[in-house]
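# What follows is a predicted protein model with its sequence.
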Amino acid sequence: MLCAEGISIGYSFSKHKRLVVAENLDLNLNIGELVCLVGPNGVGKSTLLRSLAGLQPLLQGEVALLGKSLKKIQARELAQAISVVLTERVNVGAMSAYAVVALGRHPYTNWLGSLTEQDQRVVNESLRAVGAEDLSQRYFNELSDGERQKIMIARALAQEPLILLLDEPTAFLDLPRRVVLMQMLRDLAHQLNKAILVSTHDLDLALHSADIIWLMSKNSDLTMGAPEDLVLNGEFERVFAQQGVKFDSHSGNFVFSPHSKKSVGLIGEGLTKLWTSKALKRAGFNVIQCEQSQENYVEVLHKEGKTFWRHHHGGAYEDFATIYALIASISN
Amino acid sequence: MAEEVEKNKTLTRPLPPIRWWMFSLLFLGVLIAFTASLALGSVDIPLNNVFRILTGQIADKGTWADIILIFRLPKTITAILVGAALSVSGLQMQTLFRNPLADPFILGVNSGASLGVALVILGFGTTGSLLLAGLGLFGDLSLAVAASLGAGAVLLLVLLIGRRVRSPITLLILGLMFGYATSAIVSLLIYFSLPERIQTYTTWSFGSFGGVTWSQLWVMVPVILTGLGISYFLPKSLNALLLGEEYARTMGLNIKRTRFWIILGASLLAGTVTAFCGPIGFIGVAVPHLCRSLFNTSDHRVLLPAVTMMGAIIALLADVIAQLPGTQYILPINVVTSLFGAPFIVWVIIRQRRMKSTFAD
């Protein structure tokens, strides 16, 4: 579909002065796949996305759509193949959500921009695909961030593109809406057979939803693979270690406090044990499996239907009714 | 199934219905304002006589025909052209720069015109005009020609620079700087000039519809119609620009070409108006806001015809008030538009309680 070989991206200020963000990238976007472009902040995710969209000139190399260089494709033709959702917040004045989505028909309509029946059908389908039919008659300015994002995606879909590029579409959304949005994009890729590239710094979501991840790192290299591939070959750990963040390959999460103060044992069972362990790790402890002979350990106990935590320390012990109280005491 | 059909029905209602009755009302407003502007003035002429004179019949008083055909009709036509031109120009500038405060002169077109006029009046004085007139080229057009040359020079500069800069904000700042530079030169000319010449310049800067003669209209009408024609080809591009230049580009809009035509059209309109009538403020900023507020849309397919008519109405009404009907006094047009227009527009916009619809964030 969209194919780039040996491209360099960045900004050129004058003949001799330029800022190279990443060099020598080989990329390939395939139809029916959701690609997540992840990497630490400031690594050039947006620049890459904008370069692929043709919004920004390449420093070197070429991007080709179905074997044809982007530079040689007419603007109108390109708009029928690639559409984008950008991070900037748009202010369209007084316009209904429907009218905003209808703007996506721009590359298809006549000089006046009148919608044919076909155009109206596509607009309706786009609204339906993002689940925003009920928003169509409301004013765009009066929508919430999440609703606006939906409408902007519907607008991008109304361009009937083969390729959809989205820059940080989850940025202003709360967690449940992020999950819903990524699921939606995944469905769009698989069911409508689009190639969708999403840049995000939400690694967790990317791990759960992407068909393939493009992992960008500071020294401007780009690694690709299924999320699981990148976990297993240690790429995630490597890239985020550069930023001083530890990625735990077992849980697929970031470890918030990599500098463990000391070790503590933990005895218990099931869900309570799992979350107690998480809490202890968050407080900076290195949690180890142990027997009761240990000097310093926490025991999860159940008595008369109540759960409580007993902290053994040098022969003495203390009981806590909540994890919060336990952590507060044990940290000192 | 029935439910599904019902759902589709509500969905396919495309845009807010174009309110034909509002357009009819606007058109009626233009007609009324047009007639009022012909009938009212230092001498009030009865309506039936106005119609008789316009249709070529004999009026009750012989002088009335002269008053209407020689003085009021060109002035009224000028007012319509000015109102339409400034409003359309302002609308385009506000969308191009995504700035609710943008006006037709934001790129410095009127600064150029002012400089041209100031050079003629203050720099060369009457000898300068006589010189130009003596060349037999322009006759009574000398001020208009000087202003056109000034406006044209700035327009050319802006278009040339506009091809090279990426961001419209840069253009905005350039226009501002042009304004400062030219007003500095004008101030310098005023500082060293004679009081009576300064008076002439100040009078020009008050703005007036009355100075345009039939022979000048032969120039003004085609140029303004050209400017309006260009603008009327742009509603789709202007709508795409509402999402910002980046989105517009990804929707297949050729930004550089669009920008060229917008600037050319808008500056042609604004420059011509300034050349013939002096710098006329307020209409270009206010009318687009007024129409967005009344029609509650920022769709340029609705706004372009709406501001054209609304601009004409406002300019005609301003002219009627400026004549102070029944008296011998005439107020400067800028005084009237701002003094009477501003409170009215503020009232309309606040009453709508939809500041967002006026494009301001």
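Looks like it came in fine.
# Work out which residue lies at the spatial centre of the chain.
Using chain A here. In chain A, the residue lying closest to the centroid (CA atoms, centre = their mean) is residue A:200, at 3.2 Å.
# not what I meant, chain B
Nearest residue to the geometric centre of chain B (CA atoms, centre = their mean): residue B:86, 1.5 Å.
# shaky segments in chain B?
Applying pLDDT under 70 to chain B flags the ranges B:1-18, B:124-142, B:349, B:351-361.
# Swap in 80 and give it another go.
For chain B, the stretches with pLDDT under 80 are B:1-19, B:101, B:121-145, B:155, B:159, B:162-168, B:326, B:340-341, B:344-361.
# what's the distance between the residue nearest to the centre of chain A and residue B:153?
Note on residue A:200: its distance to residue B:153, by CB to CB, to the nearest Å, is 50 Å. Backbone N, C-alpha and C define where each C-beta goes, glycine included.
# Spit out the contact partners of the residue lying closest to the residue nearest to the centre of chain B once chain neighbours are set aside.
Nearest residue to residue B:86, sequence neighbours excluded (CB to CB, 6 or more residues apart in numbering or on different chains): residue B:284, at 4.0 Å. Counting by CB atoms under 8 Å, 6 or more residues apart in numbering or on different chains, residue B:284 makes contact with B:86-87, B:89-90, B:93, B:103-105, B:270.
# Go ahead and measure how far the one helix or strand residue B:284 maps to is from the middle of the chain.
Per DSSP states H and E: residue B:284 is located in helix B:283-295. Distance of helix B:283-295 from the chain centroid (CA atoms, centre = their mean, to the nearest Å) equals 12 Å.
# what's the answer for stretch A:224-237, then?
The answer for stretch A:224-237 is 16 Å, by CA atoms, centre = their mean.
# Also stretch B:326-335?
The chain centre lies 20 Å from the centre of stretch B:326-335; the measure is CA atoms, centre = their mean.
# Same check on stretch A:107-119?
On CA atoms, centre = their mean, the centre of stretch A:107-119 falls 34 Å from that of its chain.
# ok, and for it, which residues are buried?
In terms of neighbour count (16 or more other CB atoms under 10 Å in any protein chain shown), stretch A:107-119 has its buried residues at A:107-108, A:113, A:115, A:119.
# now stretch B:156-170
B:157-158, B:162, B:168.
# got the end-to-end distance for that stretch?
Length of stretch B:156-170, first residue to last, CA to CA, to the nearest Å: 16 Å.
# Same check on stretch B:295-304?
Distance across stretch B:295-304, first residue to last, is 12 Å (CA to CA).
# Say whether chain A is contacted by that stretch.
Yes - with CB under 8 Å from any CB of the partner chain as the criterion, chain A is reached by stretch B:295-304 at B:296-299, B:301.
# count of neighbours near residue A:330?
By other CB atoms under 10 Å in any protein chain shown, 19 other residues sit near residue A:330.
# Quickly note the distance from it to residue A:143.
47 Å.
# same check, this time on residue B:320
According to CB to CB, residue B:320 stands 43 Å off from residue A:143.
# Next: residue B:77.
Note on residue B:77: its distance to residue A:143, by CB to CB, is 45 Å.
# now residue A:92
Applying CB to CB to residue A:92 and residue A:143 gives a distance of 11 Å.
# Please identify which of these two sits among more neighbours.
Legend: neighbour count by other CB under 10 Å for residue A:92 and residue A:143, higher for residue A:92 (24 against 17).
# Help me confirm that the more buried one is found in a helix?
No - counting by DSSP: H, G, I helix; E, B strand; the rest coil, residue A:92 is located in no helix; its state is coil.
# hang on, isn't it packed against residue A:139?
No - judged on CB atoms under 8 Å, residue A:92 makes no contact with residue A:139 at a distance of 9.2 Å.
# rewinding a little: relative orientation of the following helix or strand past the helix holding residue B:284 and helix B:283-295 in degrees?
Sequence order places helix B:300-322 as the next helix or strand after helix B:283-295, per DSSP H and E. On the basis of axes from the mean of the first three to the mean of the last three CA atoms, to 10 degrees, helix B:300-322 is oriented at 120 degrees to helix B:283-295.
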